[in-house]
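Engineer: Below is the sequence, then the predicted model.
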Amino acid sequence: MAVAGPAPPIRRTLQATSLLAVLAGYVLLLLVNRALSQRVRQDRQLAQAQAAATALEQLPAAAVATAPQLRHHLAERATPLQLLWLQSGVTTILPAGAAFGEFQASSSLIRSAQQQLAVSPGPLAFSHQGRTFLVSGLPLSLAGRPYRLQLLSDITQETQQERQLTLLLVAFAGVSALFTSALLRLVIHRGLLPLDAFSATLAGMSSSSLGTDRLPLADQPPELQPIAAAFNDLLDRLSEAWEHQRTFVNGVSHELRTPITLIAGYSRRLQRRASSLTPEQAEQLELVASEAEAMGRLVTDLLEIARDDAGRLQLHCCPLDPYQLLRELQLRLAPTCGDRLLLGPAPLLSGAVSGDPERLSQCLTNLVENAIKYSPPATPIELGLSQDGDELVWHVRDHGPGVPPAERQRIFDCFVRGASQAASAGHGIGLAVVNTLMERMGGRVLVADPAAGSGADFQLRLPAPRPGLRGGFKRWIKPG
């Protein structure tokens, strides 16, 4: 099945269509002009032939009884550019006089004209020896004998003038088409400005403004008002559905949080007291506890997203010790990560950093769990801290397949997972929560290639302005 290509821009389509319409109008004008010119020549030829036939028929029979008399009367009404002759059977009577001496019954021009008239009485145009002629024939009776009056006109000069006029019209049409194209470009651009404004208004809408943003109908052109009204109706329905979804996620998350916490707590308590369990039972109990904790983190992430969508996400930012945050993270995750979690040395840092310690710990936990999930079991997960200009950077480095550059921005969107993660379990929520929390704290999250080896370097960055010279440098981190 063939895949349809992208639709061309409306501006280009309108301009091309309008230009083709203009050119088609010029072509039609040329064709009509040519047809009218031919029609005028034919009508004129018929009128001249009819006038000559009428004049000959009005002559007395005694004046047209012999061939010399007929030649004399034909010569009075013929010119070198408009030849008259009579045909009676195989007999051809040409006008007399020195001006018509070159025309003989056996001449190739007369024979060509006779061949044309054998097909149709005309008027018919034909070419002979580089010149253009028009021939026609009319029946008449002279002195009781039937004849056929034939008129041959040389229209070479007239057709040449017509050809030159056609070339001038074609050249004028080309220049006019260029001018029309430039004018159409300006007119179409100005005509589509309301559509550009309409598009810009739509681009400025977001999920957080679904309940408030609406397109003003009075400001839209009549052609766009039905579209704007339909879009406002769609926004109303989307806003209602979004609110229902947000309420549902918030309510379900709250309802699930307590039982999941109880399941995880009782599972860990049973693990500590169940010394009589078989290895298989202990493994199953460990699986229940770990899955309950994972569900708890998922519910927490969903709550954070719901609160942010509702504008109720609360942060408690304060000055913090960034390295101590990593130490506590390592100790807390040691039971599940074992010796895979490596903490780098504490660097000397300048500048104060402020953030929500609980949210930062949540972000680092999500990054560590993501690294463990997508890196080989025997490889370490490295935690580090550095300073990049006026930003403090927490590092979570793994030795997995890494993240392709084309996906390094998309993986932080909600419910989006990278191509390399398709075979692993996940919901596409953890990194989206990290991105949301870091943005609300005035920071950012990004992924980069590690300094050496394969894998990925996930970085949490928060502003850490350096103090002025008067205040000196404040050391937040002490070695060890």
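Structural biologist: Looks like it came in fine. Numbers count the residues shown, from 1 in each chain.
Engineer: buried residues in the strand ranked longest in the chain?
Structural biologist: Longest strand in the chain by number of residues, with DSSP state E as the criterion: strand 131-142. Residues of strand 131-142 classed as buried: 132-138, 140, 142 (neighbour count, 16 or more other C-beta atoms under 10 Å). For the C-beta atoms, the positions are set from N, CA and C on the backbone; glycine is no exception.
Engineer: what's the answer for stretch 165-175, then?
Structural biologist: For stretch 165-175, by 16+ other C-beta under 10 Å, it's Ala173.
Engineer: rewinding a little: name every strand pairing with the longest strand of the chain and say which way it goes.
Structural biologist: If you go by DSSP bridges, strand 131-142 pairs up with strand 124-128 (antiparallel), strand 145-154 (antiparallel).
Engineer: Rebuild these as CSV, extending it with mean neighbour count, distance to Gln38 and mean pLDDT.
Structural biologist: Formatted as CSV, those follow (neighbours: other C-beta atoms under 10 Å; distance: least, C-beta to C-beta, whole Å; pLDDT from 0 to 100):
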stretch, mean neighbour count, distance to Gln38, mean pLDDT
strand 124-128, 16, 8, 87
strand 145-154, 20, 13, 88
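Engineer: nearest to Gln87, of the ones you listed?
Structural biologist: Smallest distance to Gln87 across the strands paired with strand 131-142 (C-beta to C-beta): 4.5 Å, for strand 145-154.
Engineer: How far does the closest one sit from its chain's centre?
Structural biologist: Chain-centre distance of strand 145-154: 68 Å, with C-alpha atoms, centre = their mean, to the nearest Å.
Engineer: Looking at the strands paired with strand 131-142, spot the one closest to Leu86.
Structural biologist: For Leu86, the closest of the strands paired with strand 131-142 is strand 145-154, at 4.6 Å, according to C-beta to C-beta.
Engineer: Apart from its chain neighbours, what residue comes closest to Arg11?
Structural biologist: Ranked by C-beta to C-beta, 6 or more residues apart in numbering and with sequence neighbours excluded, the top spatial neighbour of Arg11 is Ile188, at 5.5 Å.
Engineer: What pLDDT does the model give Leu385?
Structural biologist: Listed pLDDT for Leu385 reads 93.
Engineer: Run through who's touching the helix or strand encompassing it.
Structural biologist: Assigned by DSSP states H and E, Leu385 falls within strand 381-388. Residues outside strand 381-388 that contact it (C-beta atoms under 8 Å, 6 or more residues apart in numbering): 322-323, 326, 329-330, 337, 340-344, 346-347, 349-351, 364, 368, 371-372, 375, 392-398, 461, 464, 477.
Engineer: mind listing the strands for the protein?
Structural biologist: According to DSSP E, the strands that the chain contains are 82-88, 91-93, 124-128, 131-142, 145-154, 318-319, 341-343, 354-355, 381-388, 391-397, 444-448, 457-463.
Engineer: looking at the ones you listed, which is closest to Glu57?
Structural biologist: Minimum separation from Glu57 across those (C-beta to C-beta) falls at strand 131-142, 5.6 Å.
Engineer: Can you give me every residue that contacts the residue lying farthest from the centre of the chain?
Structural biologist: In the chain, counting by C-alpha atoms, centre = their mean, Ala62 sits farthest out from the average C-alpha position, at 87.1 Å. Applying C-beta under 8 Å, 6+ apart, one finds that Ala62 lies in contact with Ala143.
Engineer: any idea how far it is from Ala143?
Structural biologist: Relative to Ala143, Ala62 is positioned 8 Å away (C-beta to C-beta, to the nearest Å).
Engineer: Kindly report the same for Phe198.
Structural biologist: Here Phe198 is placed at a distance of 87 Å from Ala143 (C-beta to C-beta).
Engineer: Repeat that for Pro357.
Structural biologist: Distance, Pro357 to Ala143, using C-beta to C-beta: 130 Å.
Engineer: Phe198 and Ala143: who's more crowded?
Structural biologist: Phe198 (19 against 15; other C-beta atoms under 10 Å).
Engineer: give the contact list for that one.
Structural biologist: Phe198 makes contact with 215, 220, 224, 227-228, according to C-beta under 8 Å, 6+ apart.
Engineer: ok, so of these, who is nearest Arg71?
Structural biologist: Ranked by distance to Arg71 (C-beta to C-beta), the contacts of Phe198 are led by Leu224 at 81.2 Å.
Engineer: pretty sure that closest one contacts Leu193?
Structural biologist: No. Between Leu224 and Leu193 there is no contact under C-beta atoms under 8 Å: 11.4 Å.
Engineer: Can you give me the neighbour number for Leu462?
Structural biologist: By other C-beta under 10 Å, neighbour count at Leu462 equals 21.
Engineer: Could you give the bridge partners of it?
Structural biologist: The partner residues for Leu462, given DSSP bridges, come to Leu392.
Engineer: and the gap between it and Cys363?
Structural biologist: As judged by C-beta to C-beta, Leu462 and Cys363 stand 10 Å apart.
Engineer: Now the common contact residues for those two.
Structural biologist: Shared contacts of Leu462 and Cys363, defined by C-beta under 8 Å, 6+ apart, are found at Met438.
Engineer: Quick one: the helices in the stretch 51-200 of the chain, in order.
Structural biologist: Counting by DSSP state H, counting those that start in this stretch, the stretch 51-200 of the chain has helices at residues 67-77, 108-119, 156-191, 193-203.
Engineer: From the chain's centroid, how far away is the last one?
Structural biologist: A distance of 16 Å separates the C-alpha centroid of helix 193-203 from that of its chain, computed with C-alpha atoms, centre = their mean.
Engineer: Please save the CA atoms from it in CSV.
Structural biologist: The C-alpha trace of helix 193-203 is given here as CSV (Å, rounded to 0.1, in the frame of the first residue of the first chain):
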residue,chain,number,x,y,z
LEU,A,193,-2.6,36.1,8.4
PRO,A,194,-5.8,35.4,10.4
LEU,A,195,-5.0,31.7,10.0
ASP,A,196,-1.4,32.2,11.3
ALA,A,197,-2.9,34.1,14.3
PHE,A,198,-5.3,31.3,14.8
SER,A,199,-2.5,28.7,14.8
ALA,A,200,-0.4,30.8,17.2
THR,A,201,-3.3,30.9,19.6
LEU,A,202,-3.7,27.2,19.5
ALA,A,203,0.0,26.6,19.9
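Engineer: quick one: buried residues of it?
Structural biologist: In helix 193-203, counting by 16+ other C-beta under 10 Å, buried: 195, 198, 201.
Engineer: Low-confidence stretches in the stretch 201-350 of the chain?
Structural biologist: Filtered on pLDDT under 70, the stretch 201-350 of the chain yields the residue ranges 206-211, 242, 245-246, 248-257, 266, 307, 309-312.
Engineer: before we move on, back to that, reformat the buried residues of helix 193-203 as a markdown table; add distance to Pro80.
Structural biologist: Formatted as a markdown table, the entries for the buried residues of helix 193-203 read as follows, by distance: C-beta to C-beta, whole Å:
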| residue | distance to Pro80 |
| --- | --- |
| Leu195 | 68 |
| Phe198 | 73 |
| Thr201 | 78 |
